[in-house]
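Colleague: What follows is a predicted protein model with its sequence.
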Amino acid sequence: MSSHQKITDSPIDFAVEIINDVKNSKEEGVLKCVQCGMCTSTCPAARHSDYNPREIIERVLDGDETILKDDNIWNCFYCYTCHSVCPVGNSVCEVNQILKQIAIENGIGYEKLYEYMGFADSYFTAAIGAIPEIFFTDIDRDVPGWWDFRQHLDEIRQELELDPPLMPSEEVIDEVSKILTITGFKAKIEKIRASQEAENEERS
Amino acid sequence: MRDDLKVGVFLCECGGNIADIVDLDKVREELDVEFIGQFENLCSLNGRKIIRDAIFDHDLDRVVVAACSPISHEKTFQDYVKPLNPYLMDMANIREQCSWVHSDKEKATHKAITLINASIEKVKQSDAVDPIYCQTPDEVAVIGGGIAGMNAALSLAKQGTKVTLIEQSPSIGGHMAKIGKVFSPVKIAEECGMCLLNPILNELVWNENIEVLTNTKVIEAERRAGTYNLILEKSPRYVDTEKCIACGKCAEACEVEVPNDWNDNLSMRKAIYRPFGQSYPESYVIDMDNCTKCSNCVKVCTMRAIKLRGKPERIPLQVGSIVVATGHKLFDMEKRPEYGYTRYDDVITQSELGRITGVNGPTKGKLLKSNGEVPKRVVMIQCVGSRDEKPDGHKYCSKICCTVALKNANIIKHKYPDTDVLICYTDIRTPGMFEKYYKHTQENEVRFLRGRPGEVVKKGDNFIVRTEDTLKGEFVEIEADMVVLSTAMEPSDGTREIADILNVGVTEDGFIKESHPKIKPIATDVQGIFVCGTAHDPKDITDSIMQATAAAAKVNEYNYGGVEIEPFIAEIDTEKCIVCGECIERCKYKSMSVQNDQIYIDPMSCTGCGKCLNGCKQRAITVNGNIDEKIMSTINGVLSKKQEGERMILVFLDNIGYTAADNIGVNRLSYPESIHIIKVISVNRVRPRHIRYALENGADGVFIGEFPGDLMYDEVERKIQRAKDRIAEMGHNPERIAFSKVYIPYFSGLARKFNDFDEKIAELDSSK
Amino acid sequence: MKNVPDKDILLFRSCLVSVEYPGVEASTKFVFDKLGIDYAISDKQTCCTGLGHYSDVFDQIDTSAIGARNFKIAREMGRPNLVMMCATCYAINKKSVKLLNKKDDLREHINKLFDENGLSHLKYEKDDLKPTENIFHVVDILYGKKDEIKYHIKYDLSDYTIATHHGCHYCKVHYEDTIGGVRDPNIMDEIIEECGCKTIGFYDHKRATCGTGFRQRYSNPDLSFTATADKMNAIADEDVDILVHLCPNCHIQFDRYQHLIGEREGRKFKAIHLNITQFIALAMGGDLDKVIGQKAHTVPINSIIKELKEVEK
């Protein structure tokens, strides 16, 4: 494979965009990467899949924006092991999160988020982050007795002298819904849902 | 009265360099002084006669030479004004800062008049003072008896200097004694380290100019005019080195066994022991922390050399200079537990591998695992604790670990060609000739993997090293039965302690800091204290020896040269001083200390910056030379020549800034005539009241420049900010004050800043 | 050692604890009461957004805005010390405090949104909370009081083989602020020692993730359960009876899926899974139903702990 770098290319811009993201807590960490591979040496996803954190940074520094469409970035566990050992103070884990947000902004990866819309919904209805109901069938299949346990949750909590599961007042739910509306979150979720539902319809 | 002083002004045409632009006739008319004369080339030899004759003929008290920059010829004219005191002459710089930067003749002439007038007013405030000469005693203390300290001591001794070599442990020799083999990049071969060390050790022991004190530490230090008074503490050895013949019967009789630290605790020794075969003094020593005082050793010693009682002894030592050679220690592997060093016997450090492969080591040179077998695969991990910014790690590269790993890999390959050696690295750093040794190592079938391992775990009989092979982009698990960690070098405890005791600066990593990393790599920030070896930063034996011998040269330069010091330094009025210590805290140059219950100011390090003055509630400190008054008079001298509608900006610069300003003229760039440069010994001496006075008496702007490398830079910057705030409170526009960085080579930038500031002031004036 | 508070605490409720292992909340209260820790809970507090955040649904601004609201609640209660039962709540909240303090743009943007939308009462001022001084995990608080634990121990659990799983979001995210290390995490081992027990200490994959990986568990179960199996096998190799947790999400991964992973690996795994507060509560005599909440557990606690032996006084 060979490539050609034009005099007008500026590969570093991609890394700079990531550094300027509000989520980045590592300042210029990305630029200090020496490709030592310690991240990959400790990464559970690298051990068991084609995900390679070192390569993520390599591609970012190359200005290779095709990474946004690479399915592999969705394999990160967010376990932060790379973040906790990186000798130059970079965090692939954070970079990965930022890459996904850039992807989403660019309309990429909506299908990856669709199943997780439940986390957003539960916020608007109950101000909590409940496991999306869409997964309940899988859980019930994989975890014997779970469904039954969930049916008796209130009684178990009563026995433990706990209130019914955290269910904030209407007032609180309204306030939180408002916050998530003004940050642009609600609009983003609606856009993702609409786009995915349209696609699903098309497919069916 | 100072106003009645007779001042003579000598105008230099400088070939036409000055006279072509500045109308010197006009200058002569405008200035009212006792004597004023104009000459073609004052700096030539007959200038001496011209000036001296005029001084006698006109009975002059003060002299102003209006010519080139004092940077060029101040020393010349200080000499030419004899028999007047050299500090009763001042130079008005009408060449670099007038005729070479301005082209409008009329304006340049007026500017020259102003500058000369400023000098006249200034020189009236001058007093006759004498330069201070310092001569330090030529005895030297070398602290640390490793390869660096030994070489520094030996070099000094051979040049005739008396040296006391102070070593904390029972023997000199340091890390090099235990290193096993060393290698030479030129010979591409490993050599016996002890065989190279021993001749140096012998030579040192027999040199009459060196006294070696082992078991000894520096516990106190004070400095007075370049003389250091040290208090040493010598711990008892319990064995008389004069009597002991090192026969070893005592150790045979001793029943206490403890880990042998000289062998990195890989073998055992007795409580009475000799550190190693060639240790010096050639005598046994008792480790009292572990001795049971059973007296077995005393009974078998035919020389009656052993005494089980002893007390630490305090020894005073007076020296003129000090060489710090207190060395390094290795990274504590508990801080990187993922590599299993604390869990597994066969995960070892390169230092331990050096002991294991050393013929005088625990296995007599055989490479054996803890179970007595030869390893099948040794994996080395580089950069452990180095190039690692995580908590407890070191950001720097320890510099020697790559070549140490190559050396130990080669030693293994020579003796055990069937043992596979794999070095996991991030970058192999073998600059210069070392690259050839790297190639040699590859030829020896040592393998290399580019990747920084994440962890080492034990699975069955073997270790698993988990790493990425970054060249393949592949996660791999490598089986090994011995793992060797290349641990970082860090400052030894002794290095940290001595930095504290001697009050020398350290780097963010705790190494002794040199006074300038480029041009003063051996001096520390304290005059008369020098550093060499790994106390300074990670380095190998060769570099340590080079720096040690360079330190010896620097010490002798300092010892025999003597030092002439400008007399404009701080002085304490002991009647007023209450020894509160505030000045000691404030002094950035570490010049102040308490000695014999009085504040003592070291003339060698005081710069006369005056920072101590402000903190002194008793007003017990003065800085010699009427500095405050001189600055005020110079300001007056400039402003009194201000004409209707003229813009006047005062620029205060110290030696560095002034040289940068001269460079503008030397390179024939220009700046506005409004810029009037006033040279001060330290910009810190420009006080808020000077600035205020200037602004209230006709100055349109004040510009202060400082070199960021000056220890006082931050201080001055803050001070100017405070001055601006105060000026604003008083109803003036703080924008009329500017503070700026100056650099000697960046004169064009300074010229631009002058232009910009002049424009800004012009705008402020027009909007008023 | 860093300063750990024992009063003015807002015990931050966790979504996963509430609906999956409510015994963790009951045990935390039980142990805190025994140790004399001053805490309260608030019904105004909402979820930290962690699950949604790490499923990439929430971005930082959403999370930090929700955080700002919760921080305001804590301050208004006079309980500025947020103490989390869940490692992810801990990491998320600490990061929000750090960013809100450090990144003026983010803070000003969120405050402006609050101002413009009638939510001015939620505004966060720089340094309202300090990441190191105000944001804690329950284990920090227990560690601060660890010398007192031994006076309350009723049952001797030292005959069991005990290992700890510290997971990720307590130790690794804010590693500079972690008690007991991150490369070989030990805070729980040290606390368990105060209960008169010894853990096995280090084992292979000790610092590794539980394998949940947020979206991995649901969208990528093969990857998720393979990673968990690494650790489950290592624990089984050490014959561990009790694996002690500090995060409800890890707890789910091990307790709920142990059976399934056993089938995948063709190996019978026996360990039971207790949160550190459940472990201490058990040792302090807490009732298995009324405090520990054993009915919520998938691997039955009584499959290992069949009887309790009182400590010899």
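Modeller: Thanks, I have it.
Colleague: What's the nearest residue in the stretch 201-313 of chain C when you look at chain B?
Modeller: C:D204 (4.7 Å; Cβ to the nearest Cβ). Every C-beta, even on glycine, is put in place using the N, C-alpha and C of the backbone.
Colleague: Need the nearest residue in space to that residue, chain neighbours excluded.
Modeller: Setting aside the residues directly before and after it, C:D204 is nearest to C:A234 in space (Cβ to Cβ, 6 or more residues apart in numbering or on different chains), at 4.2 Å.
Colleague: secondary structure element for the one you found?
Modeller: Secondary structure from DSSP states H and E places C:A234 in helix C:221-237.
Colleague: Which residues of chain A lie near chain B?
Modeller: Within chain A, the residues that sit near chain B (Cβ under 8 Å from any Cβ of the partner chain) are A:34-38, A:40-43, A:46-47, A:52, A:54-55, A:84-89.
Colleague: Mind checking which of these land in helices?
Modeller: Per DSSP state H, helices hold the following members of the residues of chain A next to chain B: A:38, A:40-41, A:46-47, A:54-55, A:84-85.
Colleague: can you redo those residues as a markdown table with neighbour count and pLDDT?
Modeller: Output for those, formatted as a markdown table (neighbours: other Cβ atoms under 10 Å in any protein chain shown; pLDDT from 0 to 100):
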| residue | neighbour count | pLDDT |
| --- | --- | --- |
| A:M38 | 28 | 98 |
| A:T40 | 31 | 98 |
| A:S41 | 30 | 98 |
| A:A46 | 25 | 97 |
| A:R47 | 18 | 96 |
| A:R54 | 26 | 98 |
| A:E55 | 23 | 98 |
| A:S84 | 24 | 97 |
| A:V85 | 24 | 97 |
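Colleague: Identify the farthest-apart pair in those residues.
Modeller: A:E55 and A:S84 (19.5 Å; Cβ to Cβ).
Colleague: Which of the three states applies to B:A738?
Modeller: strand (DSSP: H, G, I helix; E, B strand; the rest coil).
Colleague: who's C:F12 bridged to?
Modeller: Here C:F12 sits in beta bridges with C:M84, going by DSSP bridges.
Colleague: any idea how far it lies from chain A?
Modeller: 11 Å (Cβ to the nearest Cβ, to the nearest Å).
Colleague: Look at that residue and report its pLDDT.
Modeller: Per-residue pLDDT puts C:F12 at 97.
Colleague: That one and C:M85 touch, don't they?
Modeller: Yes. Taking contacts as Cβ atoms under 8 Å, C:F12 lies within contact range of C:M85: 7.1 Å.
Colleague: Would you tell me which helix is longest in chain A?
Modeller: As assigned by DSSP H, the longest helix anywhere in chain A is helix A:185-203.
Colleague: tell me what that helix is packed against?
Modeller: helix A:110-114, helix A:117-126, helix A:170-182 (3 or more Cβ pairs under 8 Å, 6 or more residues apart in numbering or on different chains; DSSP states H and E).
Colleague: tell me the angle of it relative to helix A:117-126?
Modeller: With axes from the mean of the first three to the mean of the last three Cα atoms, to 10 degrees applied, the angle from helix A:185-203 to helix A:117-126 works out at 130 degrees.
Colleague: Which residues are in contact with C:D128?
Modeller: C:71-72, C:75, C:100 (Cβ atoms under 8 Å, 6 or more residues apart in numbering or on different chains).
Colleague: An error on my part: the question was meant for B:D493.
Modeller: Contacts of B:D493 (Cβ under 8 Å, 6+ apart): B:K329.
Colleague: Just say helix, strand or coil for the closest residue to C:K268 other than its chain neighbours.
Modeller: Counting by Cβ to Cβ, 6+ apart, C:G262 is the residue found nearest to C:K268 once chain neighbours are left out, at 5.7 Å. For C:G262, the assignment made with three-state DSSP gives helix.
Colleague: Could you measure from C:G262 over to chain A?
Modeller: Counting by Cβ to the nearest Cβ - C:G262 and chain A are separated by 12 Å.
Colleague: Over to C:Y54?
Modeller: Going from C:Y54 to chain A by Cβ to the nearest Cβ gives 5 Å.
Colleague: you'd agree that residue is up against C:F214?
Modeller: Yes. Taking Cβ under 8 Å as the definition, C:Y54 is a contact partner of C:F214 at 4.1 Å.
Colleague: show me the contacts for the closest residue to B:D418 other than its chain neighbours.
Modeller: Spatial nearest neighbour of B:D418, chain neighbours left out: B:K376 (7.8 Å); criterion: Cβ to Cβ, 6+ apart. Residues counted as contacts of B:K376 (Cβ under 8 Å, 6+ apart) are B:418-420, B:481.
Colleague: and B:K376, backbone torsions?
Modeller: Torsion angles at B:K376 (phi, psi; degrees, to the nearest 10) stand at phi -90, psi -40.
Colleague: Just the element for C:I141, please.
Modeller: Going by DSSP H and E, C:I141 is in helix C:138-144.
Colleague: which outside residues touch that helix?
Modeller: For helix C:138-144, using Cβ under 8 Å, 6+ apart, the contacting residues are C:4-6, C:9, C:28, C:31-32, C:35, C:37, C:83-85, C:149, C:170, C:179-180, C:187-188, C:190-191, C:246, C:276-277, C:280.
Colleague: what number of residues lie near B:E255?
Modeller: The number of residues packed near B:E255 is 10, by other Cβ atoms under 10 Å in any protein chain shown.
Colleague: if we can go back for a sec, tell me which helix or strand comes right after the helix holding C:A234.
Modeller: strand C:242-245.
Colleague: Which positions within that following strand qualify as buried?
Modeller: For strand C:242-245, the neighbour count (16 or more other Cβ atoms under 10 Å in any protein chain shown) marks C:242-245 as buried.
Colleague: Listing partners with orientation, what would you give for it?
Modeller: Going by DSSP bridges, the partners of strand C:242-245 are strand C:162-164 (parallel), strand C:272-275 (parallel).
Colleague: Identify the residues contacting the residue nearest to C:D204.
Modeller: C:A234 touches C:203-206, counting by Cβ under 8 Å, 6+ apart.
Colleague: Local confidence estimate at it?
Modeller: pLDDT, C:A234: 97.
Colleague: Now do the nearest residue to B:K158 once chain neighbours are set aside against chain C, distance only.
Modeller: Of all residues not flanking B:K158 in the chain, B:N207 sits nearest, at 7.3 Å (Cβ to Cβ, 6+ apart). According to Cβ to the nearest Cβ, B:N207 stands 49 Å off from chain C.
Colleague: Measure how buried B:N207 is and give me the count.
Modeller: The burial count for B:N207: 16, using other Cβ under 10 Å.
Colleague: Spit out the contact partners of it.
Modeller: B:154, B:157-158.
Colleague: between the residues you listed, which is closest to A:Q196?
Modeller: B:L154 (80.1 Å).
Colleague: Give me the nearest residue to the residue in chain A positioned nearest to chain B, chain neighbours excluded.
Modeller: Residue of chain A nearest chain B, by Cβ to the nearest Cβ: A:S41 (3.1 Å). Counting by Cβ to Cβ, 6+ apart, the nearest residue to A:S41 once its immediate chain neighbours are dropped is B:G454, at 3.1 Å.
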